[in-house]
Each structure stands twice: as C-alpha cells, then as structure tokens.
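**Q** need coordinates for the following:
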Amino acid sequence: MKVLKTWFGVWAGALALSAMFAGAASAQAIEKKDLTLGVGGKGLLYYLQLTLTERLGYFKDQGLNVTITDFGGGAKALQSLIGGSADVVTGAYEHTIRMQVKGQPITAVLELGRFPGIVLAVRKDKAAQVKSFKDLKGMKIGVTAPGSSTNFFVNALIAKDGLKPEDVSIIGVGTGLSAVAAMKKGDIDAISNLDPVITKLQQDGDVVVLADSRTEEDNKKLFGGNNPAAVVYFKQDFIDKNPNTVQAVVNAFYKTQKWLAAATPEDVAKTVPEEYYLGDRALYIAAVKASKPMYSVTGIIPPEGMKNALDMLVRFDAEMKDAKVDLSKTFNDSFAKKAAAQM
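**A** Below you'll find the model as predicted:
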C-alpha cells in the first residue's frame, strides 16, 4: 500500500510538472507564423541584419515564415505597414515619432543601427562650390526615396545652415546600381545614400563627402551623440495581439546581432547574395568594414538617442515643432531584454 501511494505521488507530481510545461509551451505559442516584412533597400548595409537573419535561417529557427517585400525606400515600406500589406518593417526609427504625431501608433521593438550610416556627398565637379550645407541651395539631391531616412538626413543637415526642405530638389534614385548610375550620369548634384553605394562612388572618384554618419565620432559632430537608425517596428495593435510572434521576430534578429558582432567583413560577404557586391567583392568588404561601427550590439535605444532623433526632426519639420511626443511609446525594450536573457 505504501508503495502504491509512493507511485501515485510520483505519477501525480509528474503529471503536474507535465501540465506546467505544457502550459508554458502554450503561453509561448506563436500567434501568427506567416509574416510579411517590408523594407526599403534590402541590399543596403543599413539593413544588413535583415538579410543575415534570412540567410542564416534564424527566422525559421523561431518557427516563422517571413516573406520579405523590398521597396525603393523606407517611406514606401512604412506605407505598406500602415496600409496593411506588411506585418512588420525594418525601417528608420524616426518613422515611429512621425507616425505618433499623425495618430497612427507604431512601435520599435529592436534597434538594428545605433548610427544612420547615411552619407551626404557632392558630385566631384561641384565640390569646389560646396563648402557648407547652405551651398546646396538650389541643387538636385538624390535620396533613396522622398520621405525616407536619407531624405530626413538631408533636411536635418541643411536646417543647420538655415535652409528649408524646399530650398533643394529631392529626387528618388533608389538603392544599389540605380543610385550609382544617377550620380555617374549627372542626373543629380549630390547624393544622400548608404553603403555599398557610397563606398562605390568614393572608390570610383565620383564624389566628395560632405557629411558622414557611419562612425560614433562623426555622429557626435553632426548630432551630438547617438542617433538611432534602422529598427524593427510594428503597429502597436499587432504587438498587443501577437506578443509571442513579436518576441520570435526579435529573438531571430537578436541572434543575428550576436553573430554580426563576432563576424569579419569576409564572413558577411560569404553570407549575403553576390548581387550585393555591386560587381566588386573587395569593394563590398571595404564597405562592410566602414559600416561595422554603426550596428547595435544590445538592440536597445538609449534615452538620449531617442531625444536626439526627436530634436533632429523638430529642427526642420514644421509639423513637429509644437507636437507633443511621448518617446516612451516609440520604443519597447522588453522584447530585446527577454531575447538577451534567453541567450
């Protein structure tokens, strides 16, 4: 009888333990496994972590089926989220601020880039007449897409010298070889773009750099410190309804951040598609090396970074000047912290 009681006690304890684990597993069940992710310029180093996460298989490791839609610029990727054709976007952090003001709350859940990595460069034959941002007045400036982070970068810099957005002509030139071609053909006077486009134009001797945001030192000069760039963001109501899905997405990207922190530029080149090289593998490796400092290693935006981003927008955007922004609602760090605790 005593043996029977002991056996029953063990069985009951095992059953309770099994139920507890089953409950925990159920609590972590992914609500939406099939996701559409929007991005504006997937081949740019600004979004390197997206391609790496895809190629390394980390989305699948988390039980996700992610379809990536690549647009000509970040503004179009944002529109895809607002319009409902995308569930999640890798895009510029400042979009979370601007959309809050428009009454459409979107929230970043992971920082990918702690610096923008955007470079403003002038065509070489125009360089002699451009000594400061104010000298860009009246010029045609190529950006990935109007309304994108490359456009914001131009607006913020010319505002430092008292110019308004309408004082220059903004032209969407896309990413990759289309942007390179626009500069080489003389369709634009200056360009605000990212690597590997900028490194390609520099190595070919086509441009002179006016402002560079790829390093910590340069960001201190331009913005006074950290200025968050690429993030992973969702509509807030999606986060509320699908917290486990969001956590799975963050886990995948966070694993990539750890991989990237230890990887060499050569490792990166082996992992991405060859078309990212713009026809020159050595150039791509050089571009990765130049851009490496801009990537986040914690996934968390510091408060001063959020403030710097807001201050930058207020400088040039009249819509933002009197707006009341709750920065705590633009970034949720709980998912990154949980990802870190699990690894």
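
**Q** now the strands for the stretch 51-200 of the chain?
**A** Listed in chain order, the strands of the stretch 51-200 of the chain (DSSP state E, counting those that start in this stretch) span 65-71, 88-92, 106-111, 119-123, 140-143, 169-172, 190-193.

**Q** can you put the ones you listed in TSV and add distance to Lys270 and mean pLDDT?
**A** All C-beta spots, glycine's among them, are computed from the backbone N, C-alpha and C. Putting the strands of the stretch 51-200 of the chain into TSV (distance: least, CB to CB, whole Å; pLDDT from 0 to 100) gives the following:
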stretch	distance to Lys270	mean pLDDT
strand 65-71	20	97
strand 88-92	22	96
strand 106-111	25	98
strand 119-123	25	97
strand 140-143	31	97
strand 169-172	32	97
strand 190-193	25	97
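
**Q** same list (those strands) but as CSV, adding distance to Lys307 and mean neighbour count.
**A** Shown next, in CSV, are the strands of the stretch 51-200 of the chain (distance: least, CB to CB, whole Å; neighbours: other CB atoms under 10 Å):
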stretch, distance to Lys307, mean neighbour count
strand 65-71, 29, 17
strand 88-92, 16, 29
strand 106-111, 14, 26
strand 119-123, 23, 24
strand 140-143, 25, 24
strand 169-172, 26, 17
strand 190-193, 23, 28
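
**Q** which one of the ones you listed lies nearest to Gln28?
**A** Nearest to Gln28 among the strands of the stretch 51-200 of the chain is strand 106-111 (16.6 Å), distances taken as CB to CB.

**Q** quick one on the thing from earlier: will you turn the strands of the stretch 51-200 of the chain into TSV that also has distance to Tyr233?
**A** What follows is the strands of the stretch 51-200 of the chain, written out as TSV (distance: least, CB to CB, whole Å):
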stretch	distance to Tyr233
strand 65-71	15
strand 88-92	6
strand 106-111	4
strand 119-123	24
strand 140-143	20
strand 169-172	22
strand 190-193	22
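
**Q** looking at these, which is nearest to Gly57?
**A** strand 65-71 (11.0 Å).

**Q** what angle sits between the closest one and strand 88-92?
**A** Here the directions of strand 65-71 and strand 88-92 differ by 40 degrees (axes from the mean of the first three to the mean of the last three CA atoms, to 10 degrees).

**Q** report all helices and strands that strand 65-71 contacts.
**A** strand 34-40, helix 48-55, helix 74-83 (3 or more CB pairs under 8 Å, 6 or more residues apart in numbering; DSSP states H and E).

**Q** out of those, which is closest to Pro293?
**A** Among the helices and strands packed on strand 65-71, helix 48-55 sits nearest to Pro293 (CB to CB), with 12.8 Å.

**Q** so for the closest one, mean pLDDT?
**A** Helix 48-55 shows a mean pLDDT of 98.

**Q** chain center to that helix, what's the gap?
**A** 12 Å (CA atoms, centre = their mean, to the nearest Å).

**Q** start the count at 50 instead of 1 going forward.
**A** Got it, the first residue is 50 from now on, which makes the last one we talked about helix 97-104.

**Q** for it, buried residues please.
**A** Leu97, Gln98, Leu99, Thr100, Leu101, Thr102, Glu103 (16 or more other CB atoms under 10 Å).

**Q** and what of stretch 226-245?
**A** The neighbour-count check on stretch 226-245 (16+ other CB under 10 Å) flags 228-229, 231-232, 237-245 as buried.

**Q** what ranges do the helices span in the stretch 250-392 of the chain?
**A** Applying DSSP state H, counting those that start in this stretch to the stretch 250-392 of the chain gives helices spanning 265-272, 285-290, 292-311, 314-320, 330-340, 352-365, 383-391.

**Q** closest one to Lys183 among the ones you listed?
**A** Closest approach to Lys183 among the helices of the stretch 250-392 of the chain is made by helix 352-365 (13.6 Å; CB to CB).
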